[in-house]
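1. Sequence and predicted model, in that order:
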Amino acid sequence: AAAGVFVLPRGATRFSWWAASLDVPGYGGGVPREAPDGSVWGASLSVGLTRLSDSAGHHVPAEHPLPPSPWAWAFIIDRQAYAWLMPPVGLLRIPLAEASRGRIPSRSRDELRFSIAAGMSGDQPSTLLEDREGDVWVGTSGGIDRFRATKLTPITAPGGLTYPVVVAADSGRVLVGGDGPVFEVGDGLTALSNVPGSMESAFRDSDGNLWLGGPRGLWRLSRGSRPGAAAEHLPWPAEAGAGDVQAIARGPDGVLWISIRGDRMRGVFRRTGNAWTLFLPARSSTPRSPTAVTHW
């Protein structure tokens, strides 16, 4: 209401004035919303985002005002305590935890603003809805958009990765290699200190052992090894010379198969016990070694 924000206390029969109006021009905006922690917020074309009460239902001290935020036609608060605001152009998402601490930096605003340039169907949102799964739906001048949290967690690899190799390790961990150090991803990142970088192929066999191949050789990490444990360096087929491991496989009979693009010989080698034999040389007319090997 243009006269102010009013509240009906539990057990009372009359509304009492709580705060100044969120909608001074009387455009019909400024509806209060409750956050997951019980605090109450408002937003409008007049005042932007504002906090009306704390989580205990008390007035917010005047000496703790929010930093300025863009005006908004309307807004919602999702279950993750983000305020989704509809300014005249675009869509803005603000973390209430940051706003409560007096921090809505301009850089954050840019990162949390959505528009056609960021993939939205239109720059003029007209309605907002959070469904029971926590997805936020936005109706715009060009269509309906849905925002949902990804189940993927980004991992920043030390030194970066080009053509990474990924293989499952023990206890839900994942082993990752590429042109940098080989490391395990679990609760954190743990490097395999004795395995040089530039891994090109990896394989987990039916016994749970990990096999890693690259231009510097072949390594085995036994099942049950602790994070960061040293891998065993295995002899290389001498006749292949230095080269790249294109693929690795190991059958239930214990025979290890690898495809090597060596500087002396290219083809598929197999390892029985500790002995290597050439199984399939690359044809002279097509001097390429297979890039995939599987066993069934």
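-> In hand now; what should we look at?

2. how many neighbours does L234 have?
-> Using other CB atoms under 10 Å, L234 has 16 other residues around it. Every C-beta, even on glycine, is put in place using the N, C-alpha and C of the backbone.

3. How about S44?
-> S44 has 24 nearby residues by other CB under 10 Å.

4. and L280, which of the three is it?
-> At L280 the chain is in strand, as set by DSSP: H, G, I helix; E, B strand; the rest coil.

5. Just confirm it contacts M265, I think it does.
-> No - here L280 does not reach M265: they are 11.1 Å apart, not a contact under CB atoms under 8 Å.

6. Please identify which of the two sits among more neighbours.
-> When L280 and M265 are compared for neighbours, M265 comes out ahead with 19 against 15, by other CB under 10 Å.

7. all strands in the stretch 151-296 of the chain, in order from the N-terminus.
-> Applying DSSP state E, counting those that start in this stretch to the stretch 151-296 of the chain gives strands spanning 165-168, 174-177, 183-185, 189-191, 201-204, 210-214, 217-221, 232-234, 243-250, 256-262, 266-272, 275-281.

8. which helices and strands does the third one pack with?
-> Strand 183-185 makes packing contacts with strand 174-177, strand 189-191 when contacts are defined by 3 or more CB pairs under 8 Å, 6 or more residues apart in numbering; DSSP states H and E.

9. Adjacent strands (with direction) for the longest one?
-> By that I understand strand 174-177. When pairing is defined by DSSP bridges, strand 174-177 lines up against strand 165-168 (antiparallel), strand 183-185 (antiparallel).

10. quick one: low-confidence parts of the stretch 51-200 of the chain?
-> 62-65, 67-70, 102-111, 159-160, 197 (pLDDT under 70).

11. Kindly recompute the last result at 50.
-> Applying pLDDT under 50 to the stretch 51-200 of the chain flags residues 105, 107-108, 110.

12. possible to save the strands paired with strand 174-177 as CSV with mean neighbour count and distance to D253?
-> Formatted as CSV, the strands paired with strand 174-177 follow (neighbours: other CB atoms under 10 Å; distance: least, CB to CB, whole Å):
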stretch, mean neighbour count, distance to D253
strand 165-168, 16, 21
strand 183-185, 22, 28
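
13. Out of those, which is closest to P61?
-> Nearest of the strands paired with strand 174-177 to P61, taken as CB to CB: strand 183-185 at 45.0 Å.

14. chain center to that closest one: distance?
-> Taking CA atoms, centre = their mean, to the nearest Å, one finds strand 183-185 lying 16 Å from the centre of the chain it belongs to.

15. and if you look at stretch 184-195?
-> That offset, for stretch 184-195, works out to 19 Å (CA atoms, centre = their mean).

16. that older thread, distance to S21 for the strands of the stretch 151-296 of the chain - can I get that in TSV?
-> Output for those, formatted as TSV (distance: least, CB to CB, whole Å):
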stretch	distance to S21
strand 165-168	56
strand 174-177	54
strand 183-185	52
strand 189-191	52
strand 201-204	63
strand 210-214	65
strand 217-221	66
strand 232-234	73
strand 243-250	70
strand 256-262	73
strand 266-272	78
strand 275-281	81
